[in-house]
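[1] sequence first, predicted coordinates after that:
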Amino acid sequence: MPKKEVLIAVGLVVLSLAVGIIIGKMRGGSGERDLNASSAEYQNKGGGAVQPTANQPSFDDYETQIQKILKERPDNAEAYAEVGDIYFDQRKFNDAIVYYKKAIALDQNDIDSYNDLGLAYHYIDRSDEGLKYVEEGIKRSPLYQRIWLTKGFILAVRGNIAEARIAWEKVYNMDPNSEIGKSAASFLAQYKEAPAR
């Protein structure tokens, strides 16, 4: 692989890690979602299940939590979004997609679910479909910084740096002093121009 291509690949991995931290904030700010799973890593793990560590609950604990949420708040958009988040955190992206779709069916203004639905599709190698949901979220809330950052992330990972920069410039221009705006500025500095193909 030529040196320039290696540098681009390394840059995109760094981009993926950094954006994952910023766009991975869970609803309500109660922690950070690990979005650093590449599609290849997801496939290699046999469906995306994450092995629990000593400090992390097992998925059985999450299943109990899911059942409790759905029992206490049936047909509730926020409940479906929370369940989607749990599955997303476990890298069970297909399950997350089901619940994010239920959330937006009940609340078409849940821009976080459009955002996360786009990412979930991206992580199962269906980025085109993911971008459709991101674009729908942008149509519904064009001033929502996070979804523009996500759009840039997906485009950059796919190698479309020029369009990713356009999305990040929008993020930065909305509020350069926010955490997301600062992240966009960092990406713009790192990816000064689209690589030659």
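    It's in. All of these numbers come straight from a predicted model, not from anything done at the bench.

[2] which ones are touching Lys170?
    Trp148 (CB atoms under 8 Å, 6 or more residues apart in numbering). No exception for glycine: its C-beta is placed from N, CA and C like everyone else's.

[3] make it 10 Å
    138, 142-143, 145, 148-149, 151-152, 184 (CB atoms under 10 Å, 6 or more residues apart in numbering).

[4] kindly report the same for Ile147.
    When contacts are counted by CB under 10 Å, 6+ apart, Ile147 touches 23, 111-112, 114-116, 118, 133-138, 140-141, 167, 171.

[5] filter the residues you listed down to the buried ones.
    Buried subset of the contacts of Ile147 (neighbour count, 16 or more other CB atoms under 10 Å): 23, 111-112, 114-116, 118, 133-134, 136-138, 141, 167, 171.

[6] narrow the residues you listed to those in helices?
    If you go by DSSP state H, these have 23, 111-112, 114-116, 118, 133-134, 136-138, 167, 171 in helices.

[7] next, format these as a markdown table and append distance to Val98.
    Shown next, in a markdown table, are those (distance: CB to CB, whole Å):
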| residue | distance to Val98 |
| --- | --- |
| Ile23 | 21 |
| Ile111 | 19 |
| Asp112 | 16 |
| Tyr114 | 15 |
| Asn115 | 16 |
| Asp116 | 12 |
| Gly118 | 15 |
| Tyr133 | 13 |
| Val134 | 18 |
| Glu136 | 17 |
| Gly137 | 18 |
| Ile138 | 23 |
| Ala167 | 27 |
| Val171 | 29 |
